[in-house]
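> sequence? don't have it. structure:
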């Protein structure tokens with residue numbers, strides 16, 4: 001048994017490409033996850049001198065510790081986004097992630113399996129909720145499908161489902177190795193090293209550490225708060241049942257089966273909300289037992305568990321990320337707070353900041369403005 005993420009195959013981190021620049025960079029990016037590398041690639045491709053700095057290495061945080069779901073949109077379901085943001089902003093958010101995911105496919109190739117994702121309803125109320133999302137997406141021209149019939153054992157566990165055909169399952173380690181290779185190939189450097197929170201590097205700095213945002217920007221401690229997700233991997237199953245990524249209970253349960261039969265299952269964070277409000281990478285018996293019970297409901301015979309691990313992300317009150325200049329910190333930008341939906345949205349936000357630093361300020365930055373009032377609970 002290991003607590004190293006399944007994706008890393010016994011390694012504690014991905015190898016760092018050997019790339020060193022002379023002199024000081026034009027932009028320093030702190031965080032070698034999907035956001036930091038996306039931003040670095042955007043800048044380096046046009047000749048900017050970029051240094052990516054991370055205390056643990058490429059994909060050592062949530063980008064290498066997640067469940068391998070590449071989902072478009074944001075954390076709120078599409079109908080909820082329409083209600084809270086307005087139709088124009090909701091459409092813009094969805095299209096932003098569709099465009100970003102298309103670029104991820106170009107860069108990552110067969111690291112992705114574009115088989116879609118399935119949102120399941122664990123209750124009649126949740127069934128009504130997914131029907132509202134279906135109707136809202138359909139009304140605005142986005143492709144979504146009702147699942148006509150669930151196969152056993154899902155037919156006895158869930159009330160219905162919808163299929164998002166544009167989503168994908170992916171291998172985070174393969175994806176991040178390829179993205180890092182593109183970054184180095186474009187001329188940026190990736191360095192393992194510590195950062196003094198009280199003395200950030202000079203010049204333009206991008207903070208892209210999601211769950212650890214408040215470590216470097218303590219003034220954002222009440223804005224971006226950490227949350228931990230735990231997972232299990234099992235030995236390969238004899239039959240292929242869950243080759244499409246599945247999620248239920250508003251995302252508190254999720255699973256997918258890899259081409260070799262390995263079953264990856266995560267969630268149950270709501271079994272211990274207080275304990276899971278952390279940026280630590282430990283696993284706990286309470287949540288792990290909940291995941292084991294979920295596995296037992298999905299398969300005929302409990303398989304051997306081979307991996308247990310966790311990863312942390314940043315949560316915001318309105319469940320939208322921060323992406324933009326940090327108030328009161330000249331030259332410092334932040335991207336994070338993806339609320340568990342950062343695999344595609346994080347890549348998109350890295351590109352948004354990179355383009356803004358090049359003078360191309362996209363309108364989506366207004367939606368993710370770190371100064372927006374919906375980030376705080378009251379006056």
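Happy to help now that I have it. Just so it is clear, the structure is predicted and the values come from calculations on it, not from any experiment.

> from here on, contacts and neighbour counts on C-alpha atoms
Fine.

> what kind of secondary structure is residue 4 in?
Secondary structure, DSSP: H, G, I helix; E, B strand; the rest coil: residue 4 is coil.

> number of nearby residues for residue 199?
8 (other Cα atoms under 10 Å).

> isn't there a helix covering residue 259?
No. Counting by three-state DSSP, residue 259 falls outside a helix, being coil.

> Please report the distance of it from residue 224.
36 Å (Cα to Cα, to the nearest Å).

> Now do the strands in the stretch 101-250 of the chain.
Assigned by DSSP state E, counting those that start in this stretch, the stretch 101-250 of the chain shows strands spanning 112-113, 117-121, 145-146, 160-164, 168-170, 189-192, 204-207, 225-234, 246-248.

> mind listing the helices for the chain?
34-44, 78-85, 87-108, 124-139, 154-157, 172-185, 213-216, 285-298, 342-357, 364-367 (DSSP state H).

> contacting residues for residue 335?
Counting by Cα atoms under 8 Å, 6 or more residues apart in numbering, residue 335 touches 35, 206-210, 321-324, 346, 349-350, 353.

> Distance of it relative to residue 36?
Residue 335 is 9 Å from residue 36, by Cα to Cα.

> joint contacts of those two?
With Cα under 8 Å, 6+ apart as the test, residue 335 and residue 36 both reach 206-208, 350.

> Quick check: of the residues you listed, which lies closest to residue 313?
Nearest to residue 313 among these, counting by Cα to Cα, is residue 208 at 11.3 Å.

> Check whether that closest one really touches residue 334, as I assumed.
Yes. Assessed by Cα atoms under 8 Å, residue 208 is found in contact with residue 334 at 6.1 Å.

> that older thread, and which of the contacts of residue 335 is nearest residue 143?
Within the contacts of residue 335, proximity to residue 143 (Cα to Cα) peaks at residue 346, which comes in at 22.3 Å.

> Look up the closest residue to the closest one, ignoring the ones flanking it.
Spatial nearest neighbour of residue 346, excluding adjacent residues (Cα to Cα, 6 or more residues apart in numbering): residue 35 at 4.9 Å.

> Isn't the one you found up against residue 344?
No. In this structure, residue 35 is not within contact of residue 344 by Cα under 8 Å, at 9.2 Å.

> between these two, who's got more neighbours?
Neighbour tally, residue 35 and residue 344, criterion other Cα under 10 Å: the higher count belongs to residue 35, 32 against 26.

> Now for that one: which residues touch it?
208, 335, 346-351.

> Go ahead and confirm residue 316 touches residue 336.
No. Using Cα under 8 Å, residue 316 is not in contact with residue 336; the gap is 9.1 Å.

> Identify the contacts common to those two.
Shared between the contact lists of residue 316 and residue 336 (criterion: Cα under 8 Å, 6+ apart) are residues residue 224.

> Give me the more crowded residue out of the two.
Set side by side, residue 316 and residue 336 show more neighbours around residue 336, with 30 against 20, by other Cα under 10 Å.

> check contacts around the spatially closest residue to that one that is not a sequence neighbour.
Nearest residue to residue 336, sequence neighbours excluded (Cα to Cα, 6+ apart): residue 210, at 4.2 Å. By Cα under 8 Å, 6+ apart, the residues touching residue 210 are 224, 313-314, 335-338.

> can you check residue 41 too?
Here residue 41 is in contact with 182-183, 186, 188 (Cα under 8 Å, 6+ apart).

> again, but for residue 65
By Cα under 8 Å, 6+ apart, the contact set of residue 65 is 5, 7, 59, 172, 309-311.

> Just give me the closest of those residues to residue 271.
The shortest gap between residue 271 and any of those belongs to residue 310, at 14.9 Å (Cα to Cα).

> got a pLDDT number for the closest one?
pLDDT recorded at residue 310 is 97.

> residue contacts, it?
By Cα under 8 Å, 6+ apart, residue 310 lies in contact with 3, 5, 65-66, 228-231, 281-283.

> Flag the shaky bits of the stretch 151-300 of the chain, pLDDT-wise.
The stretch 151-300 of the chain contains no residues with pLDDT under 70.

> Pick out the residue closest to the middle of this structure.
residue 342 (2.4 Å; Cα atoms, centre = their mean).

> and it, how far is that from residue 335?
Residue 342 is 10 Å from residue 335, by Cα to Cα.

> now residue 306
Residue 306 sits 34 Å away from residue 335, going by Cα to Cα.

> Strands - which of the contacts of residue 65 land there?
In strands, defined here by DSSP state E, the members of those are 309-311.

> ok, back up a step: closest to residue 328 out of the strands of the stretch 101-250 of the chain?
strand 204-207 (13.5 Å).

> Relative to the closest one, what are the paired strands and their orientations?
strand 27-30 (parallel), strand 332-336 (parallel) (DSSP bridges).

> In CSV, list those along with mean pLDDT and distance to residue 96.
Shown next, in CSV, are the strands paired with strand 204-207 (pLDDT from 0 to 100; distance: least, Cα to Cα, whole Å):
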stretch, mean pLDDT, distance to residue 96
strand 27-30, 98, 22
strand 332-336, 98, 15
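
> Minimum distance to residue 73: which of those strands has it?
Per Cα to Cα, nearest to residue 73 of those: strand 332-336, 15.4 Å.

> What's the end-to-end length of stretch 139-159?
Taking Cα to Cα, stretch 139-159 runs 23 Å from one end to the other.

> List of residues touching that stretch?
With Cα under 8 Å, 6+ apart, stretch 139-159 has contacts from 91, 120-124, 127, 134, 137-138, 160-166, 297-299.

> buried residues in it?
Neighbour counts using 16 or more other Cα atoms under 10 Å place 142, 144, 154, 158-159 of stretch 139-159 among the buried residues.

> Next: stretch 168-182.
Residues 168-182 are the ones in stretch 168-182 that count as buried (16+ other Cα under 10 Å).
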